[in-house]
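Enquirer: Here is the input, now give the coordinates:
(chains A and B)
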2 protein chains.
Amino acid sequence: MAPTPDWVKQLSPAGPQGHELLAAERATSNIPVEKLSELLYTKEVLKRKQCILDVLKSEKVFDKSQNYFGGRIDRFETALARAKKLRNLRLKHRWNLDEYRTALEMISEPGPYGLHESMFLITLREQGTPEQHELFLKKAENYEYIGCYAQTELGHGSNVRGLETTATWNSQDKTFTIHSPHLTASKWWIGSLGRTANWAVVMAQLIIDGTSYGPHPFVVQIRDMKTHEPLENIHVGDIGPKFGYNTMDNGFLLFNHVKVPHIAMLARFSRVEPDTCKYVRRGSPSLVYGTLTWVRSTIVMQAGSVLARGVAIATRYCAIRRQFQDRDASEWEKGENSVLNYTMVQIRLLPLLAATFALHFTGKAMMNLYSENQKKMNASSGNADASKRGAGPEETRSGSDILADLHATSCGLKSLSSTIAAEGLEVCRRACGGHGYSSFSGIGPWYSDYLPTTTWEGDNFMLTQQVARYLLKSARSVASGKAPMNDTTRILSQYISRADIGCAFDILSRDSDIVDAFAWRTAFLTFEALKHRDEHKKPWNDLLVDFYRLSKAHSQYLVVKNFYETLQSPATVSQVDSETLGLLRKLFRLYALHTLEQEASEFYGSGAITIKQISLTRTSAVMKLLKEIRPHAVRLVDAWAFDDWVLDSSLGRFDGKVYEDMFYRASELNPLNKITVDPFPASEVLFKRDERAKSKL
Amino acid sequence: MAPTPDWVKQLSPAGPQGHELLAAERATSNIPVEKLSELLYTKEVLKRKQCILDVLKSEKVFDKSQNYFGGRIDRFETALARAKKLRNLRLKHRWNLDEYRTALEMISEPGPYGLHESMFLITLREQGTPEQHELFLKKAENYEYIGCYAQTELGHGSNVRGLETTATWNSQDKTFTIHSPHLTASKWWIGSLGRTANWAVVMAQLIIDGTSYGPHPFVVQIRDMKTHEPLENIHVGDIGPKFGYNTMDNGFLLFNHVKVPHIAMLARFSRVEPDTCKYVRRGSPSLVYGTLTWVRSTIVMQAGSVLARGVAIATRYCAIRRQFQDRDASEWEKGENSVLNYTMVQIRLLPLLAATFALHFTGKAMMNLYSENQKKMNASSGNADASKRGAGPEETRSGSDILADLHATSCGLKSLSSTIAAEGLEVCRRACGGHGYSSFSGIGPWYSDYLPTTTWEGDNFMLTQQVARYLLKSARSVASGKAPMNDTTRILSQYISRADIGCAFDILSRDSDIVDAFAWRTAFLTFEALKHRDEHKKPWNDLLVDFYRLSKAHSQYLVVKNFYETLQSPATVSQVDSETLGLLRKLFRLYALHTLEQEASEFYGSGAITIKQISLTRTSAVMKLLKEIRPHAVRLVDAWAFDDWVLDSSLGRFDGKVYEDMFYRASELNPLNKITVDPFPASEVLFKRDERAKSKL
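Expert: Purely as a prediction, here's the structure:
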């Protein structure tokens, strides 16, 4: 196409300019943005981010300007180039794991080394013997082997026990035969496998002498190290395009009786004795239990910032965008109104803004609790340290009780938080009106890439069964008077002690009562479910919907409680001024009361609150909070400190140059505009002039 | 990549095969699928569909197998080829508009003639004079001019009055100057404009002698008819990639003082007198009012089948997919359970299945009502026919009252139904677990293309204000005793007449009481809103959230009422057997009671039902309906009669060959597998072998 003409270049948006409007927004609030950023991230992390951002911006391969235009193959090619460059930068700058992860987060696209760097390395490290570390892990850490983790199959997702791939022990030559007996045995969805990996950890049913010992991990070479073509009797490839995540080569993998040596089975926890052909367990991989809890807590914390991106983009754009006059505006107020002033926009965005803080603080609290407990358990177990320090079995048990509690709550919170983030991003996208549908909004592509989080690390619906099972168990132990001490048993016991006299929570004037109302509802639903299961003997399957509701209720309680406690903690109080703290408490109330109102019928049903209270919450309390928070909205999203380079959004630019950026991308960057078409149906010519080829020369 | 090896081709899925599982599903129900299809579509339409499908399938250009793989430019090129072919097929087979639309629906992708064939032609036809028809419309109908409808601007979406583009009358040479004074004046989102159109209807502020007369339509040539390059002082192009709709070239357009002749202004309803330079109105475009109602009713009806695609795909796949054993299964029931047997899956899919029927019947009823009313109005207005037939002004007014009612209800229903369809599709996608994320599921791409429906023809949030305004007006007229007779005033009057004595709806045993409970809630919320606005004088902006809820409540009532009435109507009763009718009534109850339960607190709040009733609805009635409907699920989705070619989904295949098809597409069709990469970070080579170029030779 012709370059943008000069007369177009001279145009600017009508009316007040974006940067003026955002400046005015920022002037309506005194919130110290930097202090708040430090509360969220710490000073140290903010500094780290800036250093790494500078490095990334200076490398041409990380330039994002064509990200939204490329087809699958182009995008994959770029992602591979970025993965290689990033690995080399890590070596050059000696980045530690945190720094490397920060870089990945700012690049913000899945890459072909993703599963090599996570599950492949982790599994080799955690489940390999020292000999296997020497043989596999070292090379993997040096990127001489590029690997993946092949567990899920075409016919089997969540249910690992149902995997079909077999690894049969051959006693004659001390080998295993890896085999895919059916089409549904094909490994599927395996990240980094489609085009990139030449090695894989393959989960397969171990079979010795006709007996199955369940799924075990095997290290298998799948591609030639030079030609990079698949090895014989291995069929491997990319599974095709997806709703998002298209810079990653999720793959499939089939084996036709492929032999691997004895050393291929990762043997830290179990092995086949090559001489006796006996299966031997040594220790149990109980650490994995803890790792999963840690991974889920990370998802909870990330959910806050994942959602915050969408909220930041939508809030800034809605502050700039003007549509219609206020119906009640007087003559002299003429001129279109900022979209963010409409309560219908506020009710969609501001509770999500509150949720970003709620989820972030909850994740952080979970991770702290987890670390502290790990320390305690490490100290009291293992060698004789424990008895030396006077710690008895009591303390050890209490540590593992807390871990069990953490495990269950991390399941529920993973489910709730990733659902809030995913669905919240779509709410943000639609709040941007028509322009939200453009890729340049930056929300759609980000949402599409985030969506799998609702399915992996435990499907968000499946996980709720684990939470319910734990709550039922806790309720039974409370009823029997032999409950361990943790927060879950505490709220169940409190409910029991007051069940006969009821409750009276003053949710509209006391914040702690809001937390108690959420706890009450959880306990009520727990004992209801217990009655259905234990007394009425209802089938498990008939209770799944109740269990889902129960898990959601419990997880909402946890978020509300953690948000509340964070704002009460001396650490927080000492870090921000009282005005900021006051605003954060309003965000707490908005999040909690808005949630309560959404779930009103469960709160009534449990007797936690009255109909009058819910009506006041809806028509008065929430609406008042929206008004009070509105002037601070832009500064609050500023506190999340996303660099424009990271957001890659026309609508969410810090400087408010929304329309200039939309126009620039369409008019200057869009490759479709290099094509001239013949539009007439009578002609068979489609593209009259195609400058794509030319431009590549 | 290497072709799929023979040993892979010989593999089949493990366990019971997909076609066996679907056959078993179909055997658990006696529902006459064909009869039900006829009830939905009529025999005639089904036959038409089949004829057109046969034509499309025989044309290579409509082959869908590469649809999910192509990048933007390739997909646009294919879409253009398809648009041309379809136009030529229409001529060849003499398809009427309905037949042509059926073909478009089955191709299921937006195309570059989209806006030419809709708004460009419609506007020329409805707003042009006979002279303009001769000059523009004829050529447009012959595809000698390819056009678009340029209204929305970069800075202005919903608010047409705020458009910035100007058309200034030049009295000296009897021309208009079309001009874009600012960057935000750039036309934006204009379908078919980006690369295809050479003409446009441009909405611009008419200015005569310094006075603005508001937005008017102008017919403007924008590209050269031979070179197809933009004309001088016109900057036009494609706006870039979007969340979906990428086969359409939505465009931007800027004018730098471009002169057009007097004839360019479409002058059926208003014109500039060339000699006196006076602005003259002649008649008002009131027909447009009716057209919008018609367009929205179409959206309501389509919402049913749009959603039904997702429900059909997810239902079939969940019937085939097996994961885990039932926890309460006895030893001899071992083997994995169909996912559709889990209540947590049923509660997500079956109410949506019910919604497909509810929306379809509601849309159909709306369109019938609209047609009947149009007939009546046409008969009683215009020439002297009315008085001849003895119809007085009474009947005319009642016709326009009904039209006003239809207009308002179509706004609310458009908002509700497109939201249900869009969000429902995402629920279906997630219900498919991991594979739902693959493009081969067919749900994601369909969802992405449908999403704009929630924004266009009135943003789903904005529209609710119109509904609320109408309900408030109706409530005022009821209160004053001067209400016109229509369904809205009827339910408001009934509420008033019982407000002092309350109500007692037996929702769990009488279907008509369910409808009445929904009506009661609407009326309650209407008078609440009226009190806030008229008595408490609350600002309009403070009430937007209440208005949204009110519109939603009213629209839910309308869906429930129309579904109920359709099943009561003699036409329906005569078309299906009593067992099928019984099942449809269960679907009615599931839809209505599930909705009621979701909105429980509003139903309590209004006094329509008791807490005991809602608790029974939740734990007993809804769960029982799921159980009863479950065996018929596959047959019910079969009744929607989507051909596999139309669905283009591995998961939703009629024959259940889910895994074979997933595998075939990945292994045989996926172009990424033609690339061999160098995965090592130490090497700068990315693609070792790239067979894309070769394969194109």
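Enquirer: Please, where are all the helices along the stretch 401-550 of chain A?
Expert: Listed in chain order, the helices of the stretch 401-550 of chain A (DSSP state H, counting those that start in this stretch) span A:443-450, A:463-479, A:487-498, A:511-530, A:544-568.
Enquirer: ugh, typo on my part, it should be the stretch 251-400 of chain A
Expert: With DSSP H, counting those that start in this stretch as the criterion, the stretch 251-400 of chain A has helices at A:287-320, A:343-380, A:385-388, A:393-431.
Enquirer: ok, and for the last one, which residues are buried?
Expert: Think helix A:393-431. Buried residues in helix A:393-431, defined by neighbour count with 16 or more other CB atoms under 10 Å in any protein chain shown: A:395-396, A:398-431. Just so you know, the C-beta spots here come from the backbone N, C-alpha and C atoms, and that holds for glycine as well.
Enquirer: Just the angle for it relative to helix A:487-498, thanks.
Expert: Counting by axes from the mean of the first three to the mean of the last three CA atoms, to 10 degrees, helix A:393-431 lies at 90 degrees to helix A:487-498.
Enquirer: Dump the helices of the stretch 401-550 of chain A into CSV; add distance to A:Asn159 as well.
Expert: Below are these laid out as CSV (distance: least, CB to CB, whole Å):
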stretch, distance to A:Asn159
helix A:443-450, 25
helix A:463-479, 13
helix A:487-498, 27
helix A:511-530, 24
helix A:544-568, 16
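Enquirer: export the ones you listed to JSON lines and tack on distance to chain B and mean pLDDT?
Expert: As requested, these are exported to JSON lines (distance: least, CB to the nearest CB, whole Å; pLDDT from 0 to 100):
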{"stretch": "helix A:443-450", "distance to chain B": "4", "mean pLDDT": "97"}
{"stretch": "helix A:463-479", "distance to chain B": "8", "mean pLDDT": "95"}
{"stretch": "helix A:487-498", "distance to chain B": "19", "mean pLDDT": "95"}
{"stretch": "helix A:511-530", "distance to chain B": "9", "mean pLDDT": "98"}
{"stretch": "helix A:544-568", "distance to chain B": "4", "mean pLDDT": "98"}
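Enquirer: Compute the number of surrounding residues for the residue in chain A positioned nearest to chain B.
Expert: Per CB to the nearest CB, A:Gly71 is where chain A lies closest to chain B, at 2.3 Å. Using other CB atoms under 10 Å in any protein chain shown, A:Gly71 has 18 neighbouring residues.
Enquirer: Ramachandran angles for the nearest residue to A:Ser212 once chain neighbours are set aside?
Expert: Distances taken as CB to CB, 6 or more residues apart in numbering or on different chains place A:Gln205 nearest to A:Ser212, at 5.3 Å, with adjacent residues excluded. Backbone torsions of A:Gln205, given as degrees, to the nearest 10, read phi -70, psi 120.
Enquirer: was I right about A:Gln205 contacting A:Phe218?
Expert: No - proximity of A:Gln205 to A:Phe218 does not meet the contact threshold set by CB atoms under 8 Å, at 10.7 Å.
Enquirer: Between those two, which contacts overlap?
Expert: Residues touching both A:Gln205 and A:Phe218 by CB atoms under 8 Å, 6 or more residues apart in numbering or on different chains: A:Ala167.
Enquirer: dump the residue contacts of the residue nearest to A:Ser212.
Expert: Contacts of A:Gln205 (CB under 8 Å, 6+ apart): A:Leu163, A:Glu164, A:Thr165, A:Thr166, A:Ala167, A:Ser212, A:Tyr213, A:Gly214, A:Pro215, A:His216.
Enquirer: beta partners of it?
Expert: Counting by DSSP bridges, A:Gln205 forms beta bridges with A:Thr166, A:Pro215.
Enquirer: Show the model's pLDDT score for it.
Expert: At A:Gln205, the predicted lDDT confidence score is 97.
Enquirer: I'd say the residue of chain A closest to chain B and B:Arg72 touch.
Expert: Yes - using CB under 8 Å, A:Gly71 makes contact with B:Arg72 at a distance of 6.8 Å.
Enquirer: what's the domain layout of chain A?
Expert: Dividing chain A into domains by automatic domain parsing, as the record does, gives the ranges A:26-109, A:118-285, A:289-637, A:657-697.
Enquirer: before we move on, back to that, most neighbours, which of the contacts of A:Gln205?
Expert: Going by other CB under 10 Å, A:Ala167 tops the contacts of A:Gln205 with 28 neighbours.
Enquirer: who touches it in this structure?
Expert: Applying CB under 8 Å, 6+ apart, the residues near A:Ala167 are A:176-179, A:202, A:204-207, A:216, A:218, A:260, A:265.
Enquirer: do that again at 7 Å, thanks
Expert: A:Ala167 makes contact with A:Phe176, A:Ile178, A:Ala204, A:Gln205, A:Leu206, A:Ile207, A:His216, A:Phe218 under the criterion CB atoms under 7 Å, 6 or more residues apart in numbering or on different chains.
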